[in-house]
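1. Sequence below, structure please.
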Amino acid sequence: MHSAEALTINGGEVLSDRNRPAGFLGVLMQLSNRLQRIADFIRPGERIIDVGTDHAYIPIWLLLNHTVREAVATDIRSGPLERARLDAERYGVSSRLKLLQCDGLSLCSPGDADAIIIAGMGGETIIGILSDAPWAREKRLILQPQTKQAELRTFLADNGYTIADAVLSYDSGRVYLIWLVTAGDMPTFRGVDSALLEHRDPLLRPYLDDQIKRLKKRIHGVEAAVHPDKLLCETLRHELKLLEDIYHEVIKWQA
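-> Reported below is the predicted structural model:
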(Lines give C-alpha, C1' and ligand atoms only; values in the text may rest on other atoms or scores of the structure.)
Protein backbone atom coordinates (compact mmCIF):
# COMPACT_ATOMS: atom_id res chain seq x y z
CA MET A 1 0.00 0.00 0.00
CA HIS A 2 1.33 3.42 -0.96
CA SER A 3 2.29 5.85 1.80
CA ALA A 4 0.51 9.20 1.69
CA GLU A 5 0.65 12.56 3.39
CA ALA A 6 -2.24 14.88 4.18
CA LEU A 7 -1.97 18.66 4.16
CA THR A 8 -4.59 21.24 5.09
CA ILE A 9 -5.18 23.92 2.46
CA ASN A 10 -7.41 26.82 3.53
CA GLY A 11 -9.98 24.57 5.12
CA GLY A 12 -9.73 21.90 2.42
CA GLU A 13 -7.47 18.88 2.19
CA VAL A 14 -4.70 17.97 -0.20
CA LEU A 15 -3.84 14.28 -0.42
CA SER A 16 -0.61 13.54 -2.24
CA ASP A 17 0.88 10.10 -2.83
CA ARG A 18 4.68 10.16 -3.12
CA ASN A 19 4.62 7.13 -5.40
CA ARG A 20 2.23 8.57 -7.96
CA PRO A 21 3.21 10.77 -10.89
CA ALA A 22 2.40 14.48 -10.57
CA GLY A 23 -0.42 14.22 -13.11
CA PHE A 24 -2.59 12.37 -10.59
CA LEU A 25 -2.42 15.11 -7.97
CA GLY A 26 -5.09 17.32 -9.56
CA VAL A 27 -7.72 14.70 -8.79
CA LEU A 28 -6.56 14.45 -5.18
CA MET A 29 -6.29 18.18 -4.35
CA GLN A 30 -9.42 19.62 -2.74
CA LEU A 31 -10.17 23.29 -2.21
CA SER A 32 -12.22 24.74 0.62
CA ASN A 33 -15.90 25.36 -0.17
CA ARG A 34 -15.33 29.08 -0.75
CA LEU A 35 -12.36 28.63 -3.06
CA GLN A 36 -14.10 25.85 -4.96
CA ARG A 37 -17.12 28.03 -5.69
CA ILE A 38 -14.78 30.72 -7.00
CA ALA A 39 -12.90 28.23 -9.17
CA ASP A 40 -16.19 26.90 -10.57
CA PHE A 41 -16.74 30.21 -12.38
CA ILE A 42 -13.64 29.69 -14.54
CA ARG A 43 -14.33 28.32 -18.00
CA PRO A 44 -12.15 25.59 -19.58
CA GLY A 45 -9.27 26.96 -21.60
CA GLU A 46 -9.24 30.42 -20.04
CA ARG A 47 -6.12 32.22 -18.92
CA ILE A 48 -6.50 33.69 -15.44
CA ILE A 49 -5.00 36.25 -13.10
CA ASP A 50 -5.50 35.58 -9.39
CA VAL A 51 -4.98 38.85 -7.50
CA GLY A 52 -3.86 38.62 -3.90
CA THR A 53 -3.26 34.94 -4.52
CA ASP A 54 -1.81 34.18 -1.08
CA HIS A 55 -0.67 30.54 -1.57
CA ALA A 56 -1.99 30.33 -5.17
CA TYR A 57 -4.33 27.49 -4.25
CA ILE A 58 -6.92 28.33 -6.93
CA PRO A 59 -4.47 28.68 -9.86
CA ILE A 60 -2.65 25.50 -8.89
CA TRP A 61 -5.92 23.55 -8.64
CA LEU A 62 -7.13 24.88 -12.00
CA LEU A 63 -3.81 23.99 -13.66
CA LEU A 64 -3.74 20.54 -12.09
CA ASN A 65 -7.24 19.81 -13.35
CA HIS A 66 -6.44 21.19 -16.82
CA THR A 67 -9.22 23.77 -16.54
CA VAL A 68 -6.85 26.58 -17.55
CA ARG A 69 -3.80 26.45 -19.78
CA GLU A 70 -1.82 29.13 -17.97
CA ALA A 71 -2.18 31.43 -14.98
CA VAL A 72 -0.74 34.52 -13.34
CA ALA A 73 -0.77 34.90 -9.56
CA THR A 74 -0.04 38.23 -7.89
CA ASP A 75 0.48 39.21 -4.28
CA ILE A 76 1.91 42.29 -2.63
CA ARG A 77 3.83 40.14 -0.12
CA SER A 78 6.88 38.01 -0.85
CA GLY A 79 6.14 35.31 1.76
CA PRO A 80 2.93 33.96 0.19
CA LEU A 81 4.50 34.03 -3.27
CA GLU A 82 7.44 31.96 -2.06
CA ARG A 83 5.05 29.39 -0.62
CA ALA A 84 3.11 29.49 -3.90
CA ARG A 85 6.34 28.84 -5.81
CA LEU A 86 7.14 25.83 -3.67
CA ASP A 87 3.63 24.41 -4.07
CA ALA A 88 3.69 25.00 -7.84
CA GLU A 89 6.99 23.12 -8.09
CA ARG A 90 5.68 20.33 -5.89
CA TYR A 91 2.63 19.83 -8.10
CA GLY A 92 4.53 20.19 -11.37
CA VAL A 93 2.77 23.32 -12.67
CA SER A 94 5.48 25.96 -12.18
CA SER A 95 6.11 26.26 -15.94
CA ARG A 96 2.50 27.41 -16.44
CA LEU A 97 2.17 29.62 -13.37
CA LYS A 98 3.68 33.12 -13.44
CA LEU A 99 4.18 34.70 -10.02
CA LEU A 100 4.32 38.49 -9.69
CA GLN A 101 4.97 40.53 -6.56
CA CYS A 102 2.92 43.66 -7.12
CA ASP A 103 -0.01 45.71 -5.90
CA GLY A 104 -3.18 44.46 -7.56
CA LEU A 105 -2.86 44.33 -11.34
CA SER A 106 -0.04 46.88 -11.59
CA LEU A 107 2.39 44.51 -13.37
CA CYS A 108 -0.29 42.77 -15.46
CA SER A 109 -1.53 43.62 -18.95
CA PRO A 110 -4.78 42.92 -20.83
CA GLY A 111 -3.17 40.09 -22.76
CA ASP A 112 -2.36 38.13 -19.62
CA ALA A 113 -5.84 36.76 -18.97
CA ASP A 114 -9.43 36.19 -19.99
CA ALA A 115 -10.67 36.10 -16.40
CA ILE A 116 -9.52 37.84 -13.21
CA ILE A 117 -10.11 36.57 -9.67
CA ILE A 118 -10.08 39.05 -6.78
CA ALA A 119 -11.20 37.29 -3.62
CA GLY A 120 -10.89 37.67 0.13
CA MET A 121 -10.38 41.45 0.10
CA GLY A 122 -12.45 44.37 1.30
CA GLY A 123 -14.71 46.05 -1.21
CA GLU A 124 -12.74 49.29 -1.00
CA THR A 125 -9.52 47.44 -1.88
CA ILE A 126 -11.19 45.81 -4.89
CA ILE A 127 -12.43 49.24 -6.00
CA GLY A 128 -8.87 50.56 -5.88
CA ILE A 129 -7.52 47.64 -7.91
CA LEU A 130 -10.16 47.98 -10.63
CA SER A 131 -9.82 51.78 -10.71
CA ASP A 132 -6.12 51.41 -11.48
CA ALA A 133 -6.78 48.87 -14.26
CA PRO A 134 -9.71 50.09 -16.44
CA TRP A 135 -8.85 47.39 -18.99
CA ALA A 136 -10.29 44.86 -16.55
CA ARG A 137 -13.75 45.80 -17.84
CA GLU A 138 -12.95 43.72 -20.94
CA LYS A 139 -12.53 40.59 -18.78
CA ARG A 140 -14.72 38.25 -16.79
CA LEU A 141 -14.24 39.08 -13.10
CA ILE A 142 -14.85 36.73 -10.20
CA LEU A 143 -15.12 38.91 -7.10
CA GLN A 144 -15.56 37.84 -3.48
CA PRO A 145 -15.64 40.98 -1.33
CA GLN A 146 -15.27 40.50 2.41
CA THR A 147 -16.70 43.93 3.26
CA LYS A 148 -18.23 47.05 1.67
CA GLN A 149 -20.33 45.07 -0.78
CA ALA A 150 -22.79 47.94 -1.30
CA GLU A 151 -19.99 50.39 -2.10
CA LEU A 152 -18.41 47.92 -4.53
CA ARG A 153 -21.75 47.27 -6.22
CA THR A 154 -22.23 51.03 -6.70
CA PHE A 155 -18.72 51.38 -8.14
CA LEU A 156 -19.34 48.55 -10.58
CA ALA A 157 -22.64 50.06 -11.74
CA ASP A 158 -21.06 53.50 -12.19
CA ASN A 159 -18.18 52.10 -14.24
CA GLY A 160 -19.96 49.95 -16.81
CA TYR A 161 -19.98 46.61 -14.99
CA THR A 162 -22.86 44.28 -14.22
CA ILE A 163 -23.23 41.36 -11.83
CA ALA A 164 -23.97 38.58 -14.32
CA ASP A 165 -24.24 35.83 -11.73
CA ALA A 166 -23.91 35.33 -7.98
CA VAL A 167 -23.60 32.39 -5.60
CA LEU A 168 -23.26 31.87 -1.87
CA SER A 169 -20.77 29.57 -0.18
CA TYR A 170 -20.69 28.35 3.42
CA ASP A 171 -17.17 27.98 4.74
CA SER A 172 -15.69 27.97 8.27
CA GLY A 173 -18.92 29.10 9.90
CA ARG A 174 -19.63 31.97 7.52
CA VAL A 175 -21.64 32.54 4.33
CA TYR A 176 -19.66 34.22 1.55
CA LEU A 177 -21.05 36.12 -1.45
CA ILE A 178 -19.31 35.55 -4.80
CA TRP A 179 -20.01 37.53 -7.98
CA LEU A 180 -19.37 36.93 -11.64
CA VAL A 181 -18.94 40.42 -13.10
CA THR A 182 -18.85 41.43 -16.76
CA ALA A 183 -19.28 44.61 -18.80
CA GLY A 184 -22.91 45.70 -19.03
CA ASP A 185 -25.78 47.55 -17.39
CA MET A 186 -26.31 46.74 -13.72
CA PRO A 187 -29.87 45.61 -12.88
CA THR A 188 -31.79 47.50 -10.21
CA PHE A 189 -30.74 46.25 -6.79
CA ARG A 190 -33.62 45.31 -4.50
CA GLY A 191 -31.95 44.14 -1.32
CA VAL A 192 -30.46 40.93 -2.71
CA ASP A 193 -28.62 40.19 -5.97
CA SER A 194 -31.23 39.04 -8.47
CA ALA A 195 -29.19 35.97 -9.46
CA LEU A 196 -29.46 34.58 -5.93
CA LEU A 197 -33.24 34.84 -6.11
CA GLU A 198 -33.41 33.40 -9.62
CA HIS A 199 -31.34 30.37 -8.56
CA ARG A 200 -33.15 30.13 -5.23
CA ASP A 201 -29.74 29.73 -3.68
CA PRO A 202 -30.02 27.21 -0.81
CA LEU A 203 -27.94 29.48 1.45
CA LEU A 204 -30.19 32.51 1.04
CA ARG A 205 -31.91 32.00 4.40
CA PRO A 206 -28.76 32.08 6.60
CA TYR A 207 -27.29 34.83 4.40
CA LEU A 208 -30.39 37.01 4.80
CA ASP A 209 -30.55 36.26 8.51
CA ASP A 210 -27.00 37.58 8.89
CA GLN A 211 -27.69 40.65 6.74
CA ILE A 212 -30.81 41.48 8.76
CA LYS A 213 -28.94 41.18 12.07
CA ARG A 214 -26.16 43.44 10.80
CA LEU A 215 -28.65 46.02 9.54
CA LYS A 216 -30.58 46.04 12.82
CA LYS A 217 -27.33 46.61 14.70
CA ARG A 218 -26.47 49.51 12.39
CA ILE A 219 -29.94 51.06 12.82
CA HIS A 220 -29.59 50.78 16.60
CA GLY A 221 -26.24 52.56 16.42
CA VAL A 222 -27.59 55.40 14.28
CA GLU A 223 -30.64 55.88 16.51
CA ALA A 224 -28.49 55.88 19.66
CA ALA A 225 -26.40 58.79 18.41
CA VAL A 226 -26.63 62.14 20.20
CA HIS A 227 -28.04 63.67 17.02
CA PRO A 228 -29.59 60.80 15.02
CA ASP A 229 -29.66 61.17 11.23
CA LYS A 230 -33.39 60.81 10.64
CA LEU A 231 -33.06 60.48 6.87
CA LEU A 232 -30.44 57.74 7.22
CA CYS A 233 -32.62 55.92 9.77
CA GLU A 234 -35.55 56.05 7.37
CA THR A 235 -33.42 54.71 4.52
CA LEU A 236 -32.04 51.88 6.64
CA ARG A 237 -35.48 50.92 7.91
CA HIS A 238 -36.70 50.75 4.31
CA GLU A 239 -33.79 48.41 3.49
CA LEU A 240 -34.64 46.31 6.55
CA LYS A 241 -38.28 45.96 5.49
CA LEU A 242 -37.15 44.88 2.02
CA LEU A 243 -34.80 42.22 3.41
CA GLU A 244 -37.40 40.93 5.85
CA ASP A 245 -39.97 40.59 3.03
CA ILE A 246 -37.46 38.60 0.95
CA TYR A 247 -36.57 36.49 3.99
CA HIS A 248 -40.21 35.51 4.54
CA GLU A 249 -40.55 34.65 0.84
CA VAL A 250 -37.46 32.42 1.04
CA ILE A 251 -38.97 30.61 4.05
CA LYS A 252 -42.01 29.80 1.88
CA TRP A 253 -39.75 28.37 -0.86
CA GLN A 254 -37.94 26.15 1.60
CA ALA A 255 -41.02 25.04 3.55
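
2. only C-alpha atoms for contact and neighbour calcs from this point on.
-> OK.

3. wouldn't Asp165 be in contact with Thr182 here?
-> No. In terms of Cα atoms under 8 Å, Asp165 does not count as a neighbour of Thr182; the distance is 9.3 Å.

4. out of these two, which sits in the busier spot?
-> Thr182 (22 against 18; other Cα atoms under 10 Å).

5. secondary structure class for the more buried one?
-> Recorded secondary structure, Thr182: strand (DSSP: H, G, I helix; E, B strand; the rest coil).

6. do the one 3 residues further on as well
-> Following three-state DSSP, the label given to Asp185 is coil.

7. Surely Ile48 is within a helix?
-> No. Ile48 is assigned strand when assessed by three-state DSSP, not a helix.

8. Leu240 touches Arg218, doesn't it?
-> No. Proximity of Leu240 to Arg218 does not meet the contact threshold set by Cα under 8 Å, at 10.5 Å.

9. Show me which of the two is the more surrounded one.
-> More neighbours surround Leu240 than the other of Leu240 and Arg218, with 20 against 14 (other Cα under 10 Å).

10. for the more buried one, what are its contacts?
-> Ile212, Leu215, Lys216 (Cα atoms under 8 Å, 6 or more residues apart in numbering).

11. among the residues you listed, who's most crowded?
-> The most neighbours, when the contacts of Leu240 are compared by other Cα under 10 Å, belong to Ile212, which has 19 neighbours.

12. What distance do you get for that one to Gly111?
-> Counting by Cα to Cα, to the nearest Å, the separation of Ile212 from Gly111 is 42 Å.

13. Out of the contacts of Leu240, which comes closest to Asp171?
-> Ile212 (19.6 Å; Cα to Cα).

14. In terms of secondary structure, what does the strand or helix carrying the closest one contact?
-> Per DSSP states H and E, Ile212 falls inside helix 204-223. Contacts defined by 3 or more Cα pairs under 8 Å, 6 or more residues apart in numbering; DSSP states H and E place helix 204-223 against helix 230-254.

15. one more time with 10 Å
-> strand 161-171, strand 174-183, helix 230-254 (3 or more Cα pairs under 10 Å, 6 or more residues apart in numbering; DSSP states H and E).

16. Now these in TSV, please, with extra columns for mean pLDDT and distance to Glu223.
-> What follows is the helices and strands packed on helix 204-223, written out as TSV (pLDDT from 0 to 100; distance: least, Cα to Cα, whole Å):
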stretch	mean pLDDT	distance to Glu223
strand 161-171	97	31
strand 174-183	97	28
helix 230-254	93	7
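
17. State the distance from Ile246 to His220.
-> 21 Å.

18. now Ile251
-> 26 Å.
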